[in-house]
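**Student:** Sequence plus the predicted model coming up.
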Amino acid sequence: MRRLLPLALTLSMLALPAAAEDKSGTSFKDKAKAAAQSDTAKNLKAQGLAKIGMDTTPSPAGAKAYFIEPKNGAEVTTPVRVVFGLSGMGVAPAGTQKENTGHHHVLIDEPAVDPNAPLPANDQVKHFGGGQTETTLELKPGKHTLQLVLGDWKHQPHNPAVASEKIAITVK
Ligand SMILES: [Cu+2]
């Protein structure tokens with residue numbers, strides 16, 4: 001019983017502003033409260049999206065990454081000069097959070113990568129976080145595949161991903 005009484009008082013106090021609202025319309029305080037609640041809802045939504053790996057940076061429609069060099073099917077000698085092409089977006093160094101930009105990555109011989117996570121850096125995934133638009137690769141003789149994938153400021157592919165077709169080359 002001693003616990004029920006304060007609860008009843010609290011409830012009746014909470015009911016009062018609602019009654020006032022009915023008479024005078026929505027007060028500024030209520031609007032602020034509603035705004036705070038909707039911010040909370042937005043934050044919760046963002047957190048939820050982040051949890052399922054959907055916090056990717058959007059790419060504009062029609063953005064394309066492509067190889068200027070080498071051409072698909074080319075026979076080349078090592079070191080292989082690779083020139084990156086990008087249209088519909090701009091190149092920005094890693095760490096620079098700017099709309100419709102990213103930096104290039106070259107994927108060599110089809111490494112498994114998660115499109116919803118920052119790209120790893122290893123022998124098969126090369127980052128060009130300085131904003132480079134070309135490089136030379138040391139490749140062993142034989143057939144190789146190359147693919148360009150643009151990453152956002154945190155090295156994560158955009159949504160939808162901006163990636164070139166996979167090209168096949170033969171190193172002599
Ligand atoms: Cu990167």
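**Tutor:** In hand now; what should we look at?
**Student:** Give me every residue in this protein lying close to the ion.
**Tutor:** His127, Gly129, Gly151, His155 (Cβ under 5 Å from the ion). Yep, even glycine has a C-beta here, placed from its N, CA and C like the rest.
**Student:** Let me know the pLDDT of the nearest residue to the last one once chain neighbours are set aside.
**Tutor:** Going back to what we said before, that points to His155. Sequence neighbours aside, Pro118 is the residue nearest to His155 in space, at 4.2 Å (criterion: Cβ to Cβ, 6 or more residues apart in numbering). Note for Pro118: predicted pLDDT of 97.
**Student:** On the three-state scheme, Pro118 is what?
**Tutor:** Assigned state for Pro118: coil (three-state reduction, DSSP: H, G, I helix; E, B strand; the rest coil).
**Student:** burial count for the nearest residue to Val162 once chain neighbours are set aside?
**Tutor:** Excluding its sequence neighbours, the residue lying closest to Val162 (Cβ to Cβ, 6+ apart) is Leu150, at 4.0 Å. By other Cβ atoms under 10 Å, 25 other residues sit near Leu150.
**Student:** Leu150 reaches Ala65, doesn't it?
**Tutor:** Yes - counting by Cβ atoms under 8 Å, Leu150 touches Ala65, with 5.3 Å between them.
**Student:** what do the two both touch?
**Tutor:** Common contacts of Leu150 and Ala65 (Cβ atoms under 8 Å, 6 or more residues apart in numbering): Leu86, His104, Val162, Ala163.
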